[in-house]
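**Q** sharing a model prediction with you, sequence too.
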Amino acid sequence: MYDINKVRQDFPILSREVYGKPLIYLDNAATTQKPLCVLDAMREEYLNVNANVHRGVHYLSQQATDLHEAARETVRAFINAKSTSEVIFTRGTTEALNLVVSSFCDEFMKEGDEVIVSTMEHHSNIVPWQLQAAKKGICLKVIPINEKGEILMDEYEKLFTEKTKIVSVAHVSNVLGTINPVKEMIRIAHEHGVPFMLDGAQSTPHFSVDVQDLDCDFLAFSGHKMYGPTGVGVLYGKEDWLDRMPPYQGGGEMIDSVSFEKTTFEKLPFKFEAGTPDYVATHGLATAIKYMQDLGMDNIHAHEKMLTDYAMKRMKEIEDMRIFGEAEEKDAVVSFLVGNIHHLDMGTLLDRLGIAVRTGHHCAQPLMIRLGIQGTVRASFALYNTTEEIDTLVEGIKRVSKMF
Ligand code: C6P
């Protein structure tokens, strides 16, 4: 069913060497490699189609517009949104989150109102709220986690007050790999009459995310973490919310008519898409989504679950190993420290062995504070990784450990 050798051939970069060693790329939570079909699709569009979208009456513009809007439909089907009006193209997860924070706060939040986030959020789901806290006086309430890196559901429920206006939580932690019980969390938020924003940066690359099944109000994700190009991402929002929210940026594409006296805005989704979109990247993203769908999201998830379980088991064999994130529901990420070895030293020496991992706080400093550490080494897996690569990682960690 899942022919890993065939899959790897789709990613020529995986055959290269670094420092004379075969590359072992385990930094997929930061960004994934791109399959040939994505590169080919984008090259083909630049070679033969390129023209600005939604503007021209000419043939190329219409063809580029068709590709761009077909990409929107591919994304809609991928997340099972009701309508393409609910699919807004952004530069990535960060921009999608900022859009909602800014626009939602403008319309629906005032001084003293509260947003609930969790301890394990990425900075892009903390700092935009803090900017609004400074500007408008809104407050952040933080859901605590247990030692395994799981959200404390009882504490979550206790955070709701009559001032709670929205909940915004990561589907999967980029440090711990925890898959949060978001369906239940969304149900609870709705019970309190509060909408829920899901940061899907680390979930959409790994398993099916169905916005209607989850009933989330907003979902943000990035193309580059799911085999697509950089610079493109998606904000899904329920039409009812998006309709009531003001535009995030002003410019071309997002207006209906403009005069110095009065400007009216385009309908959804264009109201939130000011300026020329990266229409080649949206086509690339749609190609990446189709690539994943051809492999099968369930097959991808099963393969990566197998890799995660295998990595957890093998890494625990290493002396003085500390793994951060042992949630029952965990995906594609293993963060660790060995003895007193600094994460940067471990990462740098693994790199010399051809193994690419990420080190540091992973843009989740509040989580590092909670864990009482400055940073971790993080290995993160994708659909093209193998158990042999994990074996090499384990040998590499042992070798580095011996040096200290
Ligand atoms: N995490 C990582 O190495 P952007 O940069 O907009 O594509 O994604 C931001 C983002 C938001 N939420 C989560 C949970 C994320 O993991 C990320 C990106 C990368 O972990 C880069 S810091």
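**A** Ah, there it is.
**Q** who's in contact with residue 359?
**A** 343, 344, 346, 347, 348, 375, 376, 377, 378 (C-beta atoms under 8 Å, 6 or more residues apart in numbering). No exception for glycine: its C-beta is placed from N, CA and C like everyone else's.
**Q** any chance of the residues you listed in CSV, with secondary structure too?
**A** Converted to CSV, the contacts of residue 359 look like this (DSSP: H, G, I helix; E, B strand; the rest coil):
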residue, secondary structure
343, helix
344, helix
346, helix
347, helix
348, helix
375, coil
376, strand
377, strand
378, strand
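**Q** from those, list just the buried residues.
**A** The neighbour-count test (16 or more other C-beta atoms under 10 Å) marks 343, 346, 347, 375, 376, 377, 378 as buried among the contacts of residue 359.
**Q** next up, phi/psi of residue 141, please.
**A** Main-chain dihedrals, residue 141, degrees, to the nearest 10: phi -110, psi 140.
**Q** wait, isn't it in contact with residue 114?
**A** Yes - counting by C-beta atoms under 8 Å, residue 114 is a contact partner of residue 141 at 5.3 Å.
**Q** quick check: neighbours shared by these two?
**A** Joint contacts of residue 141 and residue 114 (C-beta under 8 Å, 6+ apart) are 159, 164.
**Q** how much space between residue 319 and residue 393?
**A** In this view, residue 319 and residue 393 are 16 Å apart by C-beta to C-beta, to the nearest Å.
**Q** then residue 350?
**A** 7 Å.
**Q** check residue 309 too.
**A** Between residue 309 and residue 393 the computed distance is 15 Å (C-beta to C-beta).
**Q** ok, now residue 107?
**A** Counting by C-beta to C-beta - residue 107 and residue 393 are separated by 47 Å.
**Q** more crowded one of the two?
**A** Taking other C-beta atoms under 10 Å, residue 107 and residue 393 do not tie; residue 393 has more neighbours (23 against 11).
**Q** which strands and helices lie in contact with whichever strand or helix holds that one?
**A** Using DSSP states H and E, residue 393 maps to helix 387-403. Contacts defined by 3 or more C-beta pairs under 8 Å, 6 or more residues apart in numbering; DSSP states H and E place helix 387-403 against strand 24-25, helix 297-315, strand 333-338, helix 343-352, strand 355-356.
**Q** quick one, that helix and helix 297-315 angle?
**A** Helix 387-403 and helix 297-315 are oriented at 30 degrees to each other (axes from the mean of the first three to the mean of the last three C-alpha atoms, to 10 degrees).
**Q** how about helix 387-403: buried residues?
**A** Quick answer for helix 387-403 (16+ other C-beta under 10 Å): 389, 390, 392, 393, 394, 396, 397, 400, 401.
**Q** same check, this time on stretch 1-8
**A** 7, 8.
**Q** who touches it?
**A** By C-beta under 8 Å, 6+ apart, the list of residues contacting stretch 1-8 reads 14, 15, 295, 296, 299, 302, 303, 383, 384, 386.
**Q** what about that stretch, average pLDDT?
**A** Taken as a whole, stretch 1-8 has a mean pLDDT of 94.
**Q** let me see the contact set for residue 200.
**A** The contact partners of residue 200, taken as C-beta under 8 Å, 6+ apart, are 93, 171, 209, 219, 220, 221.
**Q** can we see that at 10 Å?
**A** Residue 200 is in contact with 79, 93, 96, 170-172, 182, 206, 209, 211, 214, 216, 218-222, 225-226, 233-234, 236, counting by C-beta atoms under 10 Å, 6 or more residues apart in numbering.
**Q** among those residues, which are in helices?
**A** Counting by DSSP state H, these place 79, 93, 96, 182, 211, 214 in helices.
**Q** look up how far residue 116 lies from the third one.
**A** In other words, residue 96. With distances taken as C-beta to C-beta, residue 96 is found 19 Å from residue 116.
**Q** more crowded one of those two?
**A** residue 96 (30 against 24).
**Q** ok, the more buried one touching residue 201?
**A** Yes - using C-beta atoms under 10 Å, residue 96 is in contact with residue 201, at 9.2 Å.
**Q** okay, and the common contacts of these two?
**A** 124, 220, 221, 222, 233.
**Q** among those residues, name the ones in strands.
**A** Under the assignment DSSP state E, the shared contacts of residue 96 and residue 201 contribute 220, 221, 222, 233 to strands.
**Q** now the first one, nearest residue through space, not along the chain?
**A** Read that as residue 220. residue 96 (3.5 Å; C-beta to C-beta, 6 or more residues apart in numbering).
**Q** just to revisit the earlier point, near the ligand, list only the ones from the contacts of residue 200.
**A** On the criterion C-beta under 6 Å from any ligand atom, 93, 170, 222 are the entries of these that sit beside the ligand.
**Q** report the contact partners of the last one.
**A** When contacts are counted by C-beta under 10 Å, 6+ apart, residue 222 touches 31-32, 90-96, 124, 200-202, 204-205, 228, 230-234, 285.
**Q** what subset of these is buried?
**A** Buried among the contacts of residue 222 by 16+ other C-beta under 10 Å: 31-32, 90-96, 124, 200-202, 204-205, 228, 230-234, 285.
**Q** which bits of the protein sit near the ligand?
**A** 29-30, 92-94, 122, 124, 170, 174, 199, 201-202, 222, 358, 362-363.
**Q** sorry, back to before: most widely separated two among the ones in strands among the shared contacts of residue 96 and residue 201?
**A** Farthest apart among these by C-beta to C-beta are 220 and 222. That separation is 8.1 Å.
**Q** which residues are in contact with both of those two?
**A** With C-beta under 10 Å, 6+ apart, residue 220 and residue 222 have common neighbours 90, 92, 93, 94, 95, 96, 124, 200, 201, 204, 233, 234.
**Q** and stretch 177-186, what's buried?
**A** Within stretch 177-186, the residues that count as buried by 16+ other C-beta under 10 Å are 177, 178, 179, 180, 181, 182, 185, 186.
**Q** so the residue of the chain positioned farthest from its centre versus the ligand, what's the distance?
**A** In the chain, counting by C-alpha atoms, centre = their mean, residue 261 sits farthest out from the average C-alpha position, at 40.5 Å. Note on residue 261: its distance to the ligand, by C-beta to the nearest ligand atom, to the nearest Å, is 37 Å.
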